[in-house]
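Fold the following, please.
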Amino acid sequence: MDMCEDDHAIFVGEFADLQVCPKKDCGKARYSDARMKVPVKKLPYIPLIPRIKRLLEVPSIQKLLNEQIAAVPPPVMRDVWDSPLIINLYRDGAFGDVCRDLVFAISIDGFDPFNHNKLSYSMTPVIMTCLNFSPEVRHKLGFMLLSSIIPGPKAPRDINCSLQLLVDELLETGQQGNGIHIDGNLYKTKLALGVFDFPGCGKVTKGAGSGSKEHCCRKCMITGAYYRGYGTVLYGQHRRFLPMDHPMRMDEWGDGNTELREPPEKRDTVEFLANGRLVQELQDQIHEEEDPRQKRDLNRELQTLMKSTGKKGLEEFARLPDYIDMQIPVDPMHTVQVVMKKFMTYFQGRGPVNWAKIIETEHSLGRHEDVTLENNPWTLTRDQKVEADNRLRSIRVPANFDWKPCALFSDMAYMKSITYKRLATHGIIRFVLRGMLGAQQRQSLFAMCKLLSKLLEYTFSTGDMQELQPMWSAVLAQLERDYPLGMQTILFHQMQHLPDDVLMCGPAHGWSMFAFERFMSFLRGRIHNRKDPEVTAVESYRIFELCQYMVMKGVITPDGLCHPDFLEQCEVPQYTQSGRRAVVYVMSEQECRNIKELLGVTEIISCIKELHAENVNPRRNRYTCREKEGRQTMSSYTARRGDDEDEFPQFGQILHFISVSDGENIYKLAKVEWFCKPVYDEDSMLWTARLDEPRAGTNFMDVRHLPPPIVTAVEGDVMWFLDFMWKYSP
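This is a model prediction of the structure:
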């Protein structure tokens, strides 16, 4: 689709025959070569409706759709489908015999396809994800639907026109549209969730940017303040979110102030949208005005209205009748990345950090007056950086863990978004920085990391999450007290709203942008043409999507070979890949009795030894065993509840796996060697065990009941267990 060079309009519908941009203040040409009709800018768009039809025509895919909706949120939420977001949408009942609904989430974010390699470029994919599928399915590339790629080389000035075609299709298939007819069933679509980073959210919702003192947060009415020493608007004020009788409110911090103000009011979505309509009406009036003087007065009025409401216009999604119900949660991926990156910058003491200026600014604010360059509690010394990197190298991670231990403190290394999350939520920061930094700084940072791991878990209890909310606010307030005020940007403030969004939308793994980031990596790897990268990416994706559809349809096999039935018809030679030779495991009489008792069977026909095990555990990692460990290996450690009334866990190492058959069923078991009683480290809040002590014994565990594999580290004769959690221990 041809579009205006400055993103004002696309040339479809009433603008299809125009040669210039319809906006009066623009008027730029549609074509760079009018004779050959070569557009200046083009929007690669893939229609949504034909692909939904093609996907749902496959019976096996129709069976994957989740159509069961609870009347109330369950005690334990495992996915967005269990959340109040979905339940509130269908409180009057969904999925009748006549109509079925497809609930979608949308993600929009820009990226550089060339990794800043001699060229600055930004292209912005628009991706739709069907929430009716389970998380294991919806985040696979074949089920994530690329709608369009907003072309570069710069980020779009106005994103509305790029979303126009998508909104048209959502209106056609929405609750008031015609829907999609497939095999006698009527499907209708509903856009329930929008997941964006903070700048992207501002562009999509036409809201204020990060430099605004007011209306910057889309969740509450907090007001920031500009600090000359830091050169930016900062927020803080985390004590306002605490209960009014919380003791931290009455503490006189370094600036000598208590906090008696009420929590900030929540932003009214209806009012926010109404203000956008007022701004849009005034913009349309300015667009039609011919008198220069009157136009100048209207522009002044527009600037006043935009400043007072925090709206820059009316978003394109406002055309959807159910847009008011759409949730836009805080994206944990970008939020955690920015916050942890700021911490890492302080720890390293490099880059844009000017400690002399930071300390001077803190003193001028009456904060941290005892801190000097010599006793700086926020950074690491050279020896501490070396020690921290050595600790990082000693870490062992489970199989398929998407981070490999490497040095991060001595050198400024590039880290992916998932790396920052792993550092915070898997106990890595707590293990690496124990005994370093200032005592208060270390305590508040470790407390944040521990709560963040609970906040972003794959499952959670609604009651536990509600109890976590005031604890989370208290930890953020401690960080505001213990670290420089320059950390309190709008992204740090957004952390305050994470518990509310998780309670509303379910576990973050079901909707965060980590899957979107993987999709962008997929697109980046298929762009080899710098002249038209968007077209190259879209065409590569369309071929990939077609191949995935053929696999789902059964025409070809996942390894790319044609289906065996098709091969027989065409007389094409088939090739097979030989597997590893099976090894018979010889059990002792005691082991045989224990296994029969564990499985509740009377006879064992066969027993095969194996080195790996697959299981859909909460973190979906692959299990390995001690025999597969080496210098580049993965952790093969697990845990269970101890015998002392759950006071202590019991940690063990998986020696190997066995597949046991009783003639009817096949069971997979893990043989585990257990450590003696572990010791809890109060500083890092981690468990340890001695390697030089004799083991407590061995036994077998059903792989189905194994907790997620544990990230571990070894220092001398001590084994550290970094991400153990009680909730997953059998």
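
alpha carbons only for contacts and neighbour counts from here, please
Noted.

just how off-centre is stretch 159-170 within its chain?
24 Å (CA atoms, centre = their mean, to the nearest Å).

What of stretch 33-40?
Distance, centroid of stretch 33-40 to centroid of chain: 41 Å (CA atoms, centre = their mean).

quick one: buried residues of it?
Neighbour-count burial for stretch 33-40, counted by 16 or more other CA atoms under 10 Å, picks out P39.

Can you get me the start-to-end distance on it?
8 Å (CA to CA, to the nearest Å).

Contacts made by it with the rest, please.
Stretch 33-40 has contacts (CA atoms under 8 Å, 6 or more residues apart in numbering) with 2-5, 29-32.

possible to save these as a markdown table with distance to T129, secondary structure and neighbour count?
Output for the contacts of stretch 33-40, formatted as a markdown table (distance: CA to CA, whole Å; DSSP: H, G, I helix; E, B strand; the rest coil; neighbours: other CA atoms under 10 Å):
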| residue | distance to T129 | secondary structure | neighbour count |
| --- | --- | --- | --- |
| D2 | 26 | strand | 18 |
| M3 | 26 | strand | 24 |
| C4 | 28 | coil | 25 |
| E5 | 29 | coil | 22 |
| A29 | 35 | strand | 18 |
| R30 | 33 | coil | 23 |
| Y31 | 34 | strand | 19 |
| S32 | 36 | strand | 12 |
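
could you dump those residues to a markdown table with distance to H528?
A markdown table is the format used below for the contacts of stretch 33-40 (distance: CA to CA, whole Å):
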| residue | distance to H528 |
| --- | --- |
| D2 | 23 |
| M3 | 24 |
| C4 | 25 |
| E5 | 24 |
| A29 | 29 |
| R30 | 27 |
| Y31 | 25 |
| S32 | 24 |
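
which residues of the chain score low on pLDDT?
67-71, 91-99, 116-119, 254-256, 412-413, 557-582, 613-622, 627-635, 642-646, 726-730 (pLDDT under 70).

Find the residue at the geometric middle of it.
S512 (3.0 Å; CA atoms, centre = their mean).

quick one: the strands in the stretch 101-250 of the chain?
Secondary structure of the stretch 101-250 of the chain by DSSP state E, counting those that start in this stretch: the strands cover 124-130, 144-150, 180-182, 185-196, 225-227, 232-234.

one step back: go ahead and confirm the residue nearest to the centre of the chain touches D197.
No - assessed by CA atoms under 8 Å, S512 is found out of contact with D197, at 10.0 Å.

Give me the common contacts of these two.
D331.

Looks to me like Q650 is in a strand.
Yes - the assignment for Q650 by DSSP: H, G, I helix; E, B strand; the rest coil puts it in a strand.

Could you give the number of residues near it?
Neighbour count of Q650, defined by other CA atoms under 10 Å: 21.

ok, it to D683 distance?
For Q650, the distance to D683 - CA to CA - is 20 Å.

In the stretch 401-550 of the chain, mark out all the strands, start to finish.
Under DSSP E, counting those that start in this stretch, the stretch 401-550 of the chain gives strands at 460-461.

show me where it has helices.
417-425, 428-432, 439-455, 462-482, 490-494, 498-505, 514-524, 533-553 (DSSP state H, counting those that start in this stretch).

report the angle between the axes of the last one and strand 124-130?
Looking back up the chat, that one is helix 533-553. Interaxial angle of helix 533-553 relative to strand 124-130 (axes from the mean of the first three to the mean of the last three CA atoms, to 10 degrees): 20 degrees.

Might you report the residue contacts of the nearest residue to L437 once chain neighbours are set aside?
Closest residue to L437 apart from its sequence neighbours, by CA to CA, 6 or more residues apart in numbering: P377 at 5.0 Å. P377 makes contact with 371, 437-438, 441 under the criterion CA under 8 Å, 6+ apart.

Pop out the phi and psi values for P377.
phi -90, psi 0 (degrees, to the nearest 10).

and what of the one 3 residues further on?
Taking degrees, to the nearest 10, you get phi -100, psi 150 for the backbone angles of L380.

heads up, I number from 36, so please use that
Yep, numbering from 36; the last one is L415 now.

Provide a list of residues in contact with it.
382-384, 471-472.

Show me where the stretch 586-735 of the chain has its helices.
Using DSSP H, counting those that start in this stretch, helices in the stretch 586-735 of the chain cover 599-605, 624-634.

Need the contact partners of the longest one.
Just to be clear, that refers to helix 624-634. Counting by CA under 8 Å, 6+ apart, 637-639, 735 sit against helix 624-634.

ok, these vs Y156, which is closest?
F735 (54.9 Å; CA to CA).

The closest one: neighbour count?
So F735, with other CA under 10 Å, has 20 neighbours.

quick one, what contacts the residue lying closest to it once chain neighbours are set aside?
Setting aside the residues directly before and after it, F735 is nearest to K706 in space (CA to CA, 6+ apart), at 4.5 Å. K706 sits next to 689-693, 733-736 when contact means CA under 8 Å, 6+ apart.

Narrow those to just the buried residues.
689-693, 733, 735-736.

Restricted to strands, list these.
689-693, 733, 735-736 (DSSP state E).

Need the helices of the stretch 436-585 of the chain in JSON lines (columns: distance to V619).
Below are these laid out as JSON lines (distance: least, CA to CA, whole Å):
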{"stretch": "helix 452-460", "distance to V619": "38"}
{"stretch": "helix 463-467", "distance to V619": "39"}
{"stretch": "helix 474-490", "distance to V619": "41"}
{"stretch": "helix 497-517", "distance to V619": "46"}
{"stretch": "helix 525-529", "distance to V619": "55"}
{"stretch": "helix 533-540", "distance to V619": "47"}
{"stretch": "helix 549-559", "distance to V619": "40"}
{"stretch": "helix 568-588", "distance to V619": "35"}
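
Between those helices, which one is closest to Y261.
helix 525-529 (12.1 Å).

Could you name the helices and strands sitting against that closest one?
Using 3 or more CA pairs under 8 Å, 6 or more residues apart in numbering; DSSP states H and E, the elements in contact with helix 525-529 are helix 367-383.

Now with 7 Å, please.
If you count contacts as 3 or more CA pairs under 7 Å, 6 or more residues apart in numbering; DSSP states H and E, helix 525-529 packs onto no helix or strand.

Among the contacts of L415, which pair sits farthest apart?
For those, and using CA to CA, no pair is farther apart than G384 and M471, which are 14.0 Å apart.

which among the contacts of helix 624-634 end up buried?
F735.

what's V314 sitting at in phi/psi?
phi -60, psi -40.

what about it, how many neighbours?
23.

related to what we said a few turns ago, quick one: which of the helices of the stretch 436-585 of the chain is nearest P367?
helix 533-540 (7.4 Å).

just the strands in the stretch 586-735 of the chain please.
618-619, 641-645, 647-648, 658-659, 672-676, 684-696, 701-709, 714-716, 721-725, 732-737.

any idea how far E580 is from the nearest residue in space to H563 that is not next to it in sequence?
Setting aside the residues directly before and after it, H563 is nearest to T571 in space (CA to CA, 6+ apart), at 7.6 Å. According to CA to CA, T571 and E580 sit 14 Å apart.
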